[in-house]
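Colleague: Build me a model from this:
(2 chains)
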There are 2 protein chains.
Amino acid sequence: MYAFVLGLCLVQFAVSGQPKPKIQSPEILPKHGVRFQLKAPLAHSVKIKGSWMKENAPAVEMIKQDSIWSYQLSDLPSDFYRYNFYVDGIEILDPLNTYVERAGSRHESIFIAPGKQGDLYVPQDVPHGTLSAMWYSSGILGHARRLNIYTPPSYFENPNRKYPVLYLLHGAGGDENAWISRGPVVPILDNLIAAGRAKEMIVVVTNGYPKKWSAPNAGPANSDPSISETASMANGKFESSLVQEVIPFVEKRFRVLADRKHRAIAGFSMGGLQTQHISNAHPELFDYIAVMSMGLMNDPRIEVTDEARHRQQISALIKTAPKFYWIGTGKEDFLFDSIVKLRQRYDELGLKYEYRETEGGHTWSNWSLYLSELAPRFFQ
Amino acid sequence: MYAFVLGLCLVQFAVSGQPKPKIQSPEILPKHGVRFQLKAPLAHSVKIKGSWMKENAPAVEMIKQDSIWSYQLSDLPSDFYRYNFYVDGIEILDPLNTYVERAGSRHESIFIAPGKQGDLYVPQDVPHGTLSAMWYSSGILGHARRLNIYTPPSYFENPNRKYPVLYLLHGAGGDENAWISRGPVVPILDNLIAAGRAKEMIVVVTNGYPKKWSAPNAGPANSDPSISETASMANGKFESSLVQEVIPFVEKRFRVLADRKHRAIAGFSMGGLQTQHISNAHPELFDYIAVMSMGLMNDPRIEVTDEARHRQQISALIKTAPKFYWIGTGKEDFLFDSIVKLRQRYDELGLKYEYRETEGGHTWSNWSLYLSELAPRFFQ
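Modeller: Modelled structure (predicted):
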């Protein structure tokens, strides 16, 4: 059976990528350090760019020694990071890193720097919820739509228990998988629930683009991320579909506490705009509302907020006294001014909200942090 | 709101990867052709290797013109393909291709060449099943385990209907996501069911390694694909867990026709060995058995089949007259000889089976084909 032994060796080779890697990348070092390494003997230049850098910062040179290019970070805060190498200008994954995530149509290597925050993003040995990808038929959008539903660890153990529901919306360039792969929703919820810090809840992660059916690969070809939908992202169809189709679908299929006290909605960027649209038009639906990295919209390509209507809607919302209205943004978010204006409007009209201002910009680092801070506050 | 417009442009840029790609890759051409292109002005050499080539064939040179390296295929059979580029010896994804799949710890660009077979692997506008990733607790394995369960399109529409179940096992280097991402189970089942060619069925996709908890990223760190488990792949623990833990878990949680007539098991390579172990030891369980790319095991590192016991088990299996016993292999499979020996044993003892011999080797191209041919046969 030499052939089989040989075959197994081939399988082993295919599995590990390298027979016995002498170098490791990324390598977590003491004192919050990380080292990246790439073997590239023929390259003229190898650079690295990662999410620990400012958004518009250029890639930085790695240092070559004996065919190995390396780069080292120290004092890196515990968080979920993405990075890639640039070999003579060509963007590549770190070939020694198994962990990869899609961001739109690109792919990036990822790692989690251990510590209090990062450990929330890592699957741990705790009771796990179930993640289900399912489809609903949308008359409003005119096609089928995929959504992801997280049901908490006890859901299948307690066949009579009903649960509150968080509706979680993504930003431009994302899809129903973005909060799952990058959030990352499942470990955050599993870990917070296991620690007794969050209530068991169902989390519904939709696709927020009106025309798309699903993430790429999961649905028909028109789900390609290169199809831009800037113009339609705020046309109201997704918002109508969420209220008239998604919520009834979820409340029919799952054991749900189907009232305002047990419904939350949160979203960032495009999803923060949609969160406002939905909670403004339907003050009866959600007792928990969280708007991340988005304020008053004033872009003719997307939407210019109708001031009179907005004032009217917010006044109506105030009368229903939502239990929890939250606004969060990074100090360097390119939408910061819009959020200042939204807060001024709320202050003027008297809508009570909680405001959270963090370091950094319009980043997943902030949205993951916000979800980890908000989940313990919902339904309490 | 200049900042927001700028921001949107950045988002657009991030989404599309390239502002306006002048080149496309892969590009499907008439007459079953495909062209691959990569812009790499500084590279000395760019090669391509893909799953249309023989397994051990070396990567082939691409041709450079005006900074663009290209390579063209013609007369490519309709199928699911993987490939990567090698830029000065470094393996990279095709940066213009959104579609990427993990194979063990490596990542590869993928595409589907359209046609009768490939179209089965593409999500189409048909009713879709639900895919749920859930966890069960395994006393036999000593830890929690993740599995994927496909429930067919009508499952949630007909709350009283019960369904047959296919248990589907992966090979060495794989995990519970392999049949999902590469199979690809969901479109194959959705498309065959929609065409009226397969019965609606539940498909349970387990993780076949005794020590691993899950695919990487979905479970605790010991799920890293670089951890080899060659020695334990046939120690019987997975097989016991499937019979004593997975089947009861599935039959408790889902509406299942819980008898032999409505149970099928299929697996390839390592999973083909486990399929034999399980159906040999438990002839009472499955009326449909499919062994892909695996015969009589004779490797001291894994298992040497105990001949007396095997004869006894097969004789017992014959008495239960399974409705459907299927063996399939590629002509160039490195395990071909072991399959010849298995068939000789069955012929000698009188176990009736159906034999399918295809082109090619120990490849996903064959396993996807086999699933697409077997699903219409199960439970008929």
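
Colleague: What count of nearby residues applies to the one residue in the stretch 151-300 of chain A that gets nearest to chain B?
Modeller: At 4.0 Å from chain B, residue A:173 is the closest residue in the stretch 151-300 of chain A, using Cβ to the nearest Cβ. From N, CA and C alone the C-beta is placed, and that goes for glycine too. When counting by other Cβ atoms under 10 Å in any protein chain shown, one arrives at 23 neighbours for residue A:173.

Colleague: what about the residue nearest the centre of chain A, is that helix, strand or coil?
Modeller: Among the residues of chain A, the one closest to the centroid is residue A:179, at 3.2 Å (Cα atoms, centre = their mean). Following DSSP: H, G, I helix; E, B strand; the rest coil, residue A:179 is assigned to helix.

Colleague: Does the residue of the stretch 151-300 of chain A closest to chain B touch residue A:102 like I think?
Modeller: No. Between residue A:173 and residue A:102 there is no contact under Cβ atoms under 8 Å: 10.6 Å.

Colleague: Can you check what pLDDT the model gives residue A:253?
Modeller: The model reports residue A:253 with a pLDDT of 95.

Colleague: Quick one: residues contacting it.
Modeller: For residue A:253, the contact set (Cβ atoms under 8 Å, 6 or more residues apart in numbering or on different chains) comprises A:134, B:156.

Colleague: what about 10 Å?
Modeller: Applying Cβ atoms under 10 Å, 6 or more residues apart in numbering or on different chains, we find residue A:253 in contact with A:132, A:134, A:136, A:149, B:130, B:156-157, B:159.

Colleague: can you pick the most crowded of these?
Modeller: Going by other Cβ under 10 Å, residue A:149 tops the contacts of residue A:253 with 23 neighbours.

Colleague: how about the nearest residue to residue A:156, chain neighbours excluded?
Modeller: Closest residue to residue A:156 apart from its sequence neighbours, by Cβ to Cβ, 6 or more residues apart in numbering or on different chains: residue B:253 at 5.8 Å.

Colleague: For residue A:268, give the beta-bridge partners.
Modeller: residue A:292 (DSSP bridges).

Colleague: burial count for the residue of the stretch 251-380 of chain A found nearest chain B?
Modeller: Nearest residue of the stretch 251-380 of chain A to chain B, counting by Cβ to the nearest Cβ: residue A:334, 4.1 Å away. Residue A:334 is flanked by 22 other residues according to other Cβ under 10 Å.

Colleague: Look at residue A:362 and say how many residues are nearby.
Modeller: Residues lying near residue A:362 (other Cβ under 10 Å) number 23.

Colleague: Could you do residue A:380 as well?
Modeller: 9.

Colleague: got the contact list for it?
Modeller: Here residue A:380 is in contact with A:198-199, A:288, A:323-324 (Cβ under 10 Å, 6+ apart).

Colleague: Neighbour count and secondary structure added to the residues you listed, as a markdown table?
Modeller: As requested, the contacts of residue A:380 are exported to a markdown table (neighbours: other Cβ atoms under 10 Å in any protein chain shown; DSSP: H, G, I helix; E, B strand; the rest coil):
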| residue | neighbour count | secondary structure |
| --- | --- | --- |
| A:198 | 23 | coil |
| A:199 | 17 | coil |
| A:288 | 25 | strand |
| A:323 | 16 | coil |
| A:324 | 18 | strand |
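
Colleague: Please enumerate the helices of chain A.
Modeller: Along chain A, counting by DSSP state H, helices occupy A:2-16, A:178-181, A:185-194, A:237-241, A:247-253, A:270-281, A:307-319, A:336-349, A:364-374.
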